[in-house]
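A.B. asks: fold the following, please.
(chains A and B)
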There are 2 protein chains.
Amino acid sequence: MKTIKVGLLGIGNVGSGTYLALEMNCAAIEKSAGVHVEIAKILNRRPEAKRAVDVPREKYTADPYEIINDPEIQIIAEVMGGIEPATTYMADALKAGKHVVTANKAALAVNGKQLQQLAMDNHVMLRFEASVGGGIPIINAVADPLVSNQYDEVLGILNGTTNYILTKMTENGADYADVLRDAQAKGFAEADPTGDVEGIDVANKLSILISLLFGKRILPQDIPTTGITSISGIDISYATEFGYKIKLIAHAQRTPEGLTYSVEPTLLPVSHPMAAVSNEFNAVFVRGNAVDELMFYGKGAGPLPTGSAVLGDIIDIANCIAKGAAFDVQPLLHYDSKMPSLGEGSAQYYMRMTAIDRPGILGHIASTFAKHDIGLQSVMQRAGDNDRKTSVPLIFICYTTERRILNEALNEIRADGYATSIDAVMRVQDR
Amino acid sequence: MKTIKVGLLGIGNVGSGTYLALEMNCAAIEKSAGVHVEIAKILNRRPEAKRAVDVPREKYTADPYEIINDPEIQIIAEVMGGIEPATTYMADALKAGKHVVTANKAALAVNGKQLQQLAMDNHVMLRFEASVGGGIPIINAVADPLVSNQYDEVLGILNGTTNYILTKMTENGADYADVLRDAQAKGFAEADPTGDVEGIDVANKLSILISLLFGKRILPQDIPTTGITSISGIDISYATEFGYKIKLIAHAQRTPEGLTYSVEPTLLPVSHPMAAVSNEFNAVFVRGNAVDELMFYGKGAGPLPTGSAVLGDIIDIANCIAKGAAFDVQPLLHYDSKMPSLGEGSAQYYMRMTAIDRPGILGHIASTFAKHDIGLQSVMQRAGDNDRKTSVPLIFICYTTERRILNEALNEIRADGYATSIDAVMRVQDR
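C.D. replies: Numbering: from 1, shown residues only, chains lettered A, B, ... in the order given. Predicted coordinates for the structure are as follows:
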């Protein structure tokens, strides 16, 4: 049986999971794929650090180029994360004629175009199943057999930390800060959770999905992104009353006017299959013009789930090498669509504002919405929460409206003093 | 650009969907896959019949061998259904050196082994994404990148008709017969629904999944199969009280003792992601030893969803032809596992029986369970429904028990006259 040697750049969470998944399933892989895959060398700059797997020390090297330039190594898995030096190492590996597998959403979102071009120029493969949705085989599922569809919409729950926090806030009526502390204690959130809770991680993944499904290059920093830090328990309970769950949703949609996209807390109807995606689980929901609705659900993070996706790509490539297949494959990421980029576009929106409790205010606010041609689907006024009862919370859900026009109306409502504050504005997914 | 000619055997629901999906996405396929796919000939024994698509009449032929023996046709899609003559046509096509795509679960469950061997012998591909889960890309997802996992369990909601009926029974508290009539009127159930409601269709699909995931050949007729015809509204409402939804579940699991499998109405905890799969939708849920839980959700039937899966396989093969790739691919279906076949094995079970309403009966029944070492997790006794109040319904959920032993206990309870009837026994999925 042919042995294919692999180099790992990194031995953190994902690297350890890849190593372990191979150890667990080595015999089955040999049987079903007909190749022996060996992780021959591992970049480890801190060989003294404790790792989750027991690796023979002679596999470690502190020099990435000892792996990249090793003529016996044919596949390099980049599992170190971060844009640099990961991008440089991947580029050098591709130039050296190595196939590259990566789990690195940040590097891919920013540098995917150049890396893919390098892979094509050097007749090698660049695979990245683990970069979006961890263990969920979303990339291969939509890129490969489903090329028989044109995709019109994608929704993603792509970050386990934020989904865990929102699930606990919903289940326990707890506030963000308390749940975050609990999540940190349980290892579901990092000590510095910024990249997760501000939606940056999700924006990277959406950027990759947009290239994959819609053929456009939208850099993560150009995606309108709102995290979960300002979601309050009040909004979650109002959403529940209206029949919605609040999730941090990555959304992109092909519309007649162009492509819309955003990462933001979104109200999903409880009957939507994505509304049942709880705790640390992730899911990707797509609409194809032939297949209609599809959803892929699973663990979006964690050493073994993510490692198994990295390993799946490695085995696929190893399989091709063993069979002597040509590697001039069609690129998966596309960047040449002529569709205009519209940012957030139009949607239904949920709004919560604080208004002075005196006659006529609701009428003024409703008239301002009407002036901007914004129709209201639901309105709810509740007795005020503060002691002096001088202000009341007002909740609105409007019909589909351009976000830009909604913002103008809200600014006017605030400027006119009808509302003392606009406390929450969230997208509503209507189907 | 290279043109790949395809022959369709059949132009019913799935054939029309395949034709239409190609028409809709032809340009996109040329762009992303780099080939022009042309459906050149179509087997149609009733050229006068009205079809869902507008096909130039010169493409039609009434002779399958005009397609199978056409030297210009490289790929044949069998979309006629039924075991014969479909199996013979596929075998002859493979022998003639054609790649074969099929949506035919019945033929594949029974004859998959021989067909796959023929494909290997003739160095051509046999693909069958549409045979399980319609438009859901489950076959490629678990067979390809996820070979990096060993699968330990699979659960499937694999029939849209029965899932639609159970959903409406649950939502409306309606009875089976009424919902069936409604489903037939709406086109979700056929005039003769036997194959669907008796679980036969699902058993065919589970047989394929077992070969794919566990490497065993279990013929559909050897899978313990119970349909949905005897589920009553009472069981659905008791299940709801206990926190479960009733679904027709195809289940197989690797246990230390061997492989267990069944198709039967099953109580799923409402928190299980499969419990949210409603109406005509299908889903497949797997547990891998590295990736943990994965679920794939989508439309399991319908011309366009299923047609898009057939077309996906066609494009994949066309792509390989265009690149001159070798077709000595590893087989997807395996049949050589040494695991013992155990049938239903062990599970928790829900039971509803009718007992005479007199003191001591519950004690007797509980003692009989205890004698067979069957522990009870939940017991519920309600006032009787009949006018004379001489009998009461008793509901039990037992801890994990071998089905064989449970049956012995139930037979004894019935023989001893404690229960006048055992009205329902259903598997409970514990996680």
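A.B. asks: now do the same for A:A49: helix, strand or coil?
C.D. replies: Secondary structure, DSSP: H, G, I helix; E, B strand; the rest coil: A:A49 is coil.
A.B. asks: correction: the previous question concerned A:M90.
C.D. replies: Assigned state for A:M90: helix (three-state reduction, three-state DSSP).
A.B. asks: again with A:S421
C.D. replies: strand.
A.B. asks: around chain B, pick out the residues from the stretch 201-350 of chain A.
C.D. replies: With Cβ under 8 Å from any Cβ of the partner chain as the criterion, the stretch 201-350 of chain A meets chain B at residues A:271, A:273, A:275-278, A:281, A:288-299, A:302, A:304-305, A:307-309, A:311-316, A:319, A:323-326, A:328-330, A:334. Where C-beta positions appear, they are placed from N, C-alpha and C, glycine not excepted.
A.B. asks: buried members of those into ChimeraX, please.
C.D. replies: A single ChimeraX command selects the buried members of those (16 or more other Cβ atoms under 10 Å in any protein chain shown):
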select /A:273,275,276,277,278,281,288,289,290,291,292,293,294,295,296,297,298,299,302,304,305,307,308,309,311,312,313,314,315,316,319,323,325,329,330,334
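A.B. asks: for chain A, what spans make up the helices?
C.D. replies: A:13-33, A:64-68, A:86-95, A:105-121, A:138-143, A:160-172, A:176-185, A:194-197, A:200-214, A:233-242, A:303-323, A:361-371, A:403-415 (DSSP state H).
A.B. asks: so where's the stretch 101-250 of chain A uncertain?
C.D. replies: For the stretch 101-250 of chain A, residues meeting the criterion pLDDT under 70 lie at A:144-147.
A.B. asks: picking up where we left off before, pick the most deeply packed of the helices of chain A.
C.D. replies: Burial of those is given as mean neighbour count (mean count of other Cβ atoms under 10 Å in any protein chain shown); helix A:303-323 ranks first at a mean of 26.
A.B. asks: how much space separates the nearest residue to A:A347 once chain neighbours are set aside from chain B?
C.D. replies: Nearest residue to A:A347 in three dimensions, chain neighbours excluded: A:R427, at 4.9 Å (Cβ to Cβ, 6 or more residues apart in numbering or on different chains). A:R427 sits 21 Å away from chain B, going by Cβ to the nearest Cβ, to the nearest Å.
A.B. asks: how many neighbours does A:T229 have?
C.D. replies: Around A:T229 there are 16 other residues, counting by other Cβ atoms under 10 Å in any protein chain shown.
A.B. asks: contacts only, for it.
C.D. replies: A:Y176, A:V197, A:E198 (Cβ atoms under 8 Å, 6 or more residues apart in numbering or on different chains).
A.B. asks: nearest to chain B among those?
C.D. replies: Compare each of those with chain B using Cβ to the nearest Cβ and the shortest gap goes to A:Y176, at 22.9 Å.
A.B. asks: and the closest one, what does it touch?
C.D. replies: By Cβ under 8 Å, 6+ apart, the contact set of A:Y176 is A:I165, A:M169, A:I228, A:T229, A:I231, A:S232, A:G233.
A.B. asks: residue farthest from the centroid of chain A?
C.D. replies: No residue in chain A sits farther from the centre than A:P359, which is 45.2 Å out by Cα atoms, centre = their mean.
A.B. asks: just want the phi and psi numbers for it.
C.D. replies: The phi/psi pair for A:P359 (degrees, to the nearest 10) reads phi -60, psi 140.
A.B. asks: tell me the contacts of it?
C.D. replies: By Cβ under 8 Å, 6+ apart, A:P359 has no neighbours at all.
A.B. asks: so how far is chain B from it?
C.D. replies: From A:P359 to chain B the distance is 43 Å (Cβ to the nearest Cβ).
A.B. asks: tally of neighbours for the residue nearest to A:A347?
C.D. replies: Neighbour tally, A:R427, other Cβ under 10 Å: 20.
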